[in-house]
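Engineer: Sequence first, then the predicted structure:
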Amino acid sequence: MTDISQNAAAEQSVPAGDGFGTEPAEPGFVRIQGKWQRVWEELKPFATADSDDKRPRKYILDMFPYPSGDLHMGHAEAYALGDVIARYWRQQGFNVLHPIGWDSFGLPAENAAIKRGVDPREWTYANIAQQRESMVRYAPSFDWDRVLHTSDPEYYKWNQWLFLKMYERGLAYRKDSWVNWDPVDQTVLANEQVLPDGTSERSGALVVKKKLTQWYLRITDYADRLLDDLNQLEGRWPSKVIAMQRNWIGRSTGADIDFEVEGRSEKVTVYTTRPDTLAGATFMVVAPDSDLAGELVAGAEDAGVRMAFQDYLEKVQKSTEIERLTADREKTGVFTGRYAINPLTGERLPIWAADYVLSDYGQGAIMAVPAHDQRDLDFARTFDLPVRVVVDTTQPVTGAIPVITEEDLENHAAHPDEFDPATTGTALTGEGRLVNSGQFDGLSKVNAIAKIVAHLEAQGLARKAKNYRLRDWLISRQRYWGTPIPILYDREGNEVPVPEEQLPVRLPASEGLDLKPKGTSPLGGATEWVETELDGKPMRRDTDTMDTFVDSSWYFLRFMSPNDDTQAFDPKEVDKWAPVDQYVGGVTHAILHLLYARFITKVLFDMGYVSFTEPFTALLNQGMVLMEGSAMSKSKGNIVKLSEQLDEFGVDAIRLTMAFAGPPEDDIDWADVSPAGAAKFLARAQRIAADVTSVPDVVWKTGDEKLRRQTHRLWADAPGLIEAFKFNVLVARIMELTNATRKVIDSGAGPADAAVREAAEAIALTLSLFAPYAAEEMWETLGYEPSVALYGWRKADPTLLVEESVTAVVQVDGKVRDRLEVSPKIAGEDLEKLARESTAVQRAIGERQVVNVIVRAPRLVNIATKP
RNA sequence: GCCGGUGUGGCGGAAUGGCAGACGCGGGGCACUCAAAAUGCUCUAUCCGAAAGGGUGUGUGGGUUCGAGUCCCACCACCGGCACCA
């Protein structure tokens, strides 16, 4: 017995063409993948059909990748799941737009350029080429004729156009303010890019505050709409994302209230959500870094106060974000030497400066009500300021009770000391009724707010007000690899927009520029580029580039007419396709990208360019791919390389594993799943197709009925499963059908039976969502022309969905005691009779007395007993 | 602290208020083989029992219901987001 003969035997044991041979050097799937890639390239089965196509349309969009290197496991999951949806709709007879592009501006290219001395362009486009090649192998059904790169001038030209349109409407503006500064990347960051611990999302550096003149987009003008329109997305977006967006926008409603200040002609306005507690305001606090604080202190008589304030202000400005944001740190502050007058009680309130009040929220000043606000209470206790309870929370108000009774008043008098915030240190923030508030005593919170605001409003001392946590979107970046901001400055420093016909303002070559972070834009070094002219007048270009989130905030529109060089997008095409029917991507973009894209969509709606106000009708967030319980990272050394997985198991097995692992929004721990198991199943499915001996036009209804029933139940259930994103369940159902078909082939009606072919075809058609190569191969084996992806799914035959018999369960006191095979049409009384006759049931009832019998024919009988 | 989510076998996970654990992974047994691999068949929540059969069981405690993994209340644990935003 020689090695050679062993090999020959092994090869013969594998059915020809199943693609899963035993040669370790080149697994069968390699041949299949190459084969079908060539076919698809020629056939272009996934090109979006022309505008005269009569089919209904679906726009299925995957978040486009950043070309930071080759594709990784996270991409593999996202694109596998998005492709299931795209392929499904195509097989449901829809004309599907499923495009891909690259989000190719951004810092990593620049940092790589600095590190290795290469052009960011080269680095970027080399990575794109590599990702594209991997993507083609991975075989999502993209329309490869619509690819875009945001770093192409043909794309970023329209970024600049968008900026100018917004500038015209006053939605893009420059302002001088404190910004988040990343000392490592040497650039400003949007609020959204600063992590909760005060570090930069990108570099991890501790973010500091710096005062700079920067470009902003007026997203706060859209805060109400961004918040309210979330209601439309309810049920179609993950509730988690909706909640995060609501939270981020952070709308609060209350009132602005004016306070007289001694020795100052102008009043000071504060914002509060609790006007009902006004009588409990015992001091006022202003943000130390506000202009107001400086001005108040300047007017203080005591020089010691002024010096103390200066010291405090310096200390505050030096403290880092991370210190400032530490939740329960000691309250700090200084007295400004000035007093305000409580408009309700006429009391003198000392005005303090403290950094727990933020200069850029509300009015930068608050009325402090220590009894009913924990922060104010902490401050009052630290500096020994008075605390006065004005809401009795000992008897919470349900509903809106307008006036108190005599009895209630007595309860107030008996107000127990153990609730006094001054002693307990716990502010009373609950509902209650007003006390110590003069004419407003006895009112509930809701009524008190309305009455007190109305009372002050009548005197011109208050107005209803709204505030948002959301701030305007800072888009200037002091970096090279981004869209140049299309603004010029004349000799006097006035802003002059670049005329639209001069767009794009192209990035100058990086050659000769110092890209190293130095606090100002590298473009400043491109003298010939910066110094330009307009209408014969010398001009200097703005040297900053735009936040790359601008690029990705409208790319979904560009996909509808990617090669149009006369406009950003073709409104006719947009009318046809948009908004996106299904968006697929990671939850990491739950706030930033999605909020910005929603904002820009509303802006374009207002400008009349689009007819919808929400860009993404439905959103699916896939989970992350983990390894042994944690996110893959270099430092943990637990990175699973996609390319290696594909080499070992093949594309189909990896894609199938992603879909079968669990619900798409759950994380996948790669250590818990089995690509080898998926590969085994795919081989099994392909053997089914190879075993079929009947011809394509065989008459199905002559086939084995039991198998036919199962096939048709799959056809009945599959669409619902996909539309509910239960991909894992559909895969399980395909596996069940495969197992059943195997049994019929081996020990039932045999491989020539018509039902076997019908089942095999169903397996190929449904499997094509998950494993396109294997499905094409099966489809060919079964005698059809490619591509299986273009064959419509079949409809279930309703007569085959009616069971010939069902299992009825008989319970006694809720416990299953017997199972009966009955007709699905059995009458209730017949079923009950059968159930009572069952020996197992009689044994279970024993001596007990039957008190109730529930019959749900034909599935269930439940007999309730008592002793 | 606030908001959102999740708790089901050894593991990933199924389950319109009606048979808990589909499907798969892992594990056991068997067939084929000189043998192994591959493939196919089969068993696999747990406890008692030789078996027949029975008890228990979906984070904990209550409740609604003929019937609860599923609905309601309270609690515990874990995960995610936000957090001095007045």
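Structural biologist: Now that the structure is in, tell me what you want to look at.
Engineer: can you give me the helices for the stretch 301-450 of chain A?
Structural biologist: Ranges of helices within the stretch 301-450 of chain A are A:303-318, A:321-325, A:374-383, A:406-413, A:421-424, A:445-458, based on DSSP state H, counting those that start in this stretch.
Engineer: A:E154: which of those is closest?
Structural biologist: A:E154 lies closest to helix A:321-325 among the helices of the stretch 301-450 of chain A, at 39.3 Å (Cβ to Cβ). All C-beta atoms are positioned from the backbone trio N, CA, C, and that covers glycine.
Engineer: quick one on the thing from earlier: could the helices of the stretch 301-450 of chain A go into a markdown table alongside mean neighbour count, mean pLDDT and distance to RNA strand B?
Structural biologist: Shown next, in a markdown table, are the helices of the stretch 301-450 of chain A (neighbours: other Cβ atoms under 10 Å; pLDDT from 0 to 100; distance: least, Cβ to the nearest atom of the strand, whole Å):
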| stretch | mean neighbour count | mean pLDDT | distance to RNA strand B |
| --- | --- | --- | --- |
| helix A:303-318 | 14 | 89 | 10 |
| helix A:321-325 | 14 | 56 | 5 |
| helix A:374-383 | 19 | 93 | 4 |
| helix A:406-413 | 12 | 49 | 24 |
| helix A:421-424 | 16 | 84 | 15 |
| helix A:445-458 | 18 | 93 | 11 |
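Engineer: possible to save those helices as CSV with distance to A:A172?
Structural biologist: Listed next are the helices of the stretch 301-450 of chain A as CSV, based on distance: least, Cβ to Cβ, whole Å:
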stretch, distance to A:A172
helix A:303-318, 29
helix A:321-325, 27
helix A:374-383, 35
helix A:406-413, 55
helix A:421-424, 47
helix A:445-458, 35
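Engineer: So which residues on the stretch 701-850 of chain A come close to RNA strand B?
Structural biologist: A:726, A:728-729, A:731-732, A:735-736, A:739, A:742-743, A:746, A:807, A:809, A:811, A:813-817, A:819, A:840, A:843-844 (Cβ under 7 Å from any atom of the strand).
Engineer: From RNA strand B, how far out is the nearest residue to A:N95 once chain neighbours are set aside?
Structural biologist: Leaving aside its sequence neighbours, A:N95 sits nearest to A:R55 (Cβ to Cβ, 6 or more residues apart in numbering; 4.2 Å). Note on A:R55: its distance to RNA strand B, by Cβ to the nearest atom of the strand, to the nearest Å, is 30 Å.
Engineer: For A:R55, give me its contacts.
Structural biologist: For A:R55, the contact set (Cβ atoms under 8 Å, 6 or more residues apart in numbering) comprises A:A49, A:G93, A:F94, A:N95.
Engineer: are any of those residues buried, and which?
Structural biologist: Buried by 16 or more other Cβ atoms under 10 Å: A:F94, A:N95, out of the contacts of A:R55.
Engineer: Strands - which of the contacts of A:R55 land there?
Structural biologist: A:N95 (DSSP state E).
Engineer: RNA strand B: which of the contacts of A:R55 is nearest?
Structural biologist: Using Cβ to the nearest atom of the strand, A:F94 is the member of the contacts of A:R55 that lies nearest RNA strand B, at 24.8 Å.
Engineer: surely the closest one meets A:R57?
Structural biologist: Yes. Counting by Cβ atoms under 8 Å, A:R57 is a contact partner of A:F94 at 6.4 Å.
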